[in-house]
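S.K.: Requesting a structural model of the entry that follows:
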Amino acid sequence: MPAPRPGAPDPAMTANSRRRDPSPRGPAVILIEPQLGENIGTAARAMLNCGLEDLRLVRPRDHWPNARAVAACAGADKVLSGARLFESTAQAVADLDHVYAATGRDRHMVRRIVTPRQAAREMLERIGRQLSVGVLFGPERTGLESDDMTLADVTLSIPLNPEFASLNLAQAVLVVGYEWWLLGDDTAPTRLVTHQSPPAPKKDLLGFFDQLEGELDACGFLRNAEKRPNMVRNIRNIFQRAELTVQEIQTLRGMVKEMTTLRVPGSRKKRGPAGL
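M.R.: Below you'll find the predicted structure:
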């Protein structure tokens, strides 16, 4: 199997992401006067991370197509190959029904401002009604200009540290795209990856408890009859929290057996003052 090229996503980091159903077409991402091919490429990568493919470019500063964009996209070639070029923002949004302007500046306009999470909910609802939506992102250095913002219905603002809220282009695209992706994602908030060994059934765990507690009784560790029930509960809780697999139970049982019945003569080190 060929090694992933530098910058390519790690399959181990993405294989567990699941979608309930194929999501409806996502919002268009409109980059206005992007300055560097690399920034377009990394924005395309962020888009495909989140299942977005409709990329529109308005007057990119460098030539297009751009080899640096391809190098920076880390495999998101389908987004770049499908990108459309426009001479004006008005042309880029002409076929859309609802547009968001992603910016941290209000330009002293009276505007409705939403977070990426709220915007994602609204976009999904509109797309569900067969309406088309898009998000404007301004140039890296200046952000969206006032004239471009007036072409949008709503301002989208990402809440960040007010003392340092600056994002690069790909970061901004990823934050917005991620909120969109989450609406259809079914990945469990926590999971135990056991690979080839399944989680241990209770009968295996109880068998281990019987073996361990029997040996602890035999060696005198549980000799205090009054404290024994609570000590046993504490020991069991330790292993219950571990979410042991079948292989791990077998390993633990083998360890107990080795320590109690198959000790190699002379292998035990002399204990120090603290019993170590």
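S.K.: Could you give the number of residues near the closest residue to H98 other than its chain neighbours?
M.R.: Spatial nearest neighbour of H98, excluding adjacent residues (Cβ to Cβ, 6 or more residues apart in numbering): V133 at 4.7 Å. C-beta coordinates here come from the backbone N, C-alpha and C atoms, glycine included. If you count neighbours by other Cβ atoms under 10 Å, V133 ends up with 23.
S.K.: quick thing: my sequence starts at 25, can you match it?
M.R.: Yes, from this point I'll number from 25; that puts the last item at V157.
S.K.: Contacts only, for V157.
M.R.: By Cβ atoms under 8 Å, 6 or more residues apart in numbering, the contact list for V157 reads 51-52, 120-124, 147, 150-151.
S.K.: Which of these fall within strands?
M.R.: Among the contacts of V157, the ones falling in strands (DSSP state E) are 52, 122-124.
S.K.: Can you point out the helix or strand that includes R69?
M.R.: Counting by DSSP states H and E, the element that carries R69 is helix 61-73.
S.K.: wait, isn't A96 in contact with P58?
M.R.: No: using Cβ atoms under 8 Å as the test, A96 is too far from P58 to be in contact (11.7 Å).
S.K.: any residues in contact with both of those two?
M.R.: What both A96 and P58 touch, as defined by Cβ under 8 Å, 6+ apart, is the set I64.
S.K.: Look at the two and report which has more neighbours.
M.R.: P58 (25 against 22).
S.K.: returning to what we had before: T66 versus the residue nearest to H122, what's the distance?
M.R.: Per Cβ to Cβ, to the nearest Å, V157 is found 23 Å from T66.
S.K.: For stretch 220-236, the averaged confidence score.
M.R.: For stretch 220-236, mean pLDDT rounds to 94.
S.K.: Relative to the whole chain's centre, how far out is the helix ranked longest in the chain?
M.R.: For the chain, the helix that runs over the most residues, judged by DSSP state H, is helix 226-243. From the chain centre to the centre of helix 226-243 is a distance of 40 Å (Cα atoms, centre = their mean, to the nearest Å).
S.K.: tell me which residues in that helix are buried?
M.R.: 228-229, 232, 236-237, 239-240 (16 or more other Cβ atoms under 10 Å).
S.K.: quick revisit: can I get the contacts of V157 in a markdown table with neighbour count and pLDDT?
M.R.: Putting the contacts of V157 into a markdown table (neighbours: other Cβ atoms under 10 Å; pLDDT from 0 to 100) gives the following:
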| residue | neighbour count | pLDDT |
| --- | --- | --- |
| P51 | 25 | 97 |
| A52 | 22 | 98 |
| L120 | 20 | 97 |
| D121 | 14 | 97 |
| H122 | 17 | 97 |
| V123 | 23 | 98 |
| Y124 | 25 | 97 |
| M147 | 26 | 96 |
| R150 | 15 | 96 |
| I151 | 19 | 94 |
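S.K.: List just the nearest of those residues to R85.
M.R.: For the contacts of V157, the closest approach to R85 (Cβ to Cβ) belongs to A52, at 20.5 Å.
S.K.: Name whatever forms a beta bridge with that closest one.
M.R.: According to DSSP bridges, the residues that bridge with A52 are G158.
S.K.: Next one: it from D172, what distance?
M.R.: On the measure of Cβ to Cβ, A52 and D172 end up 15 Å apart.
S.K.: Surely L76 touches G201?
M.R.: Yes: if you go by Cβ under 8 Å, L76 and G201 touch, sitting 5.3 Å apart.
S.K.: who touches both of the two?
M.R.: Counting by Cβ under 8 Å, 6+ apart, the shared contacts of L76 and G201 are 50, 53.
S.K.: Same list, the contacts of V157, but as TSV with distance to I259 please.
M.R.: Output for the contacts of V157, formatted as TSV (distance: Cβ to Cβ, whole Å):
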residue	distance to I259
P51	54
A52	59
L120	63
D121	63
H122	60
V123	62
Y124	56
M147	53
R150	57
I151	54
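S.K.: For the one helix or strand V280 maps to, list every residue counted as buried.
M.R.: Assigning secondary structure by DSSP H and E places V280 in helix 270-285. By neighbour count with 16+ other Cβ under 10 Å, helix 270-285 contains the buried residues 272-273, 276, 280.
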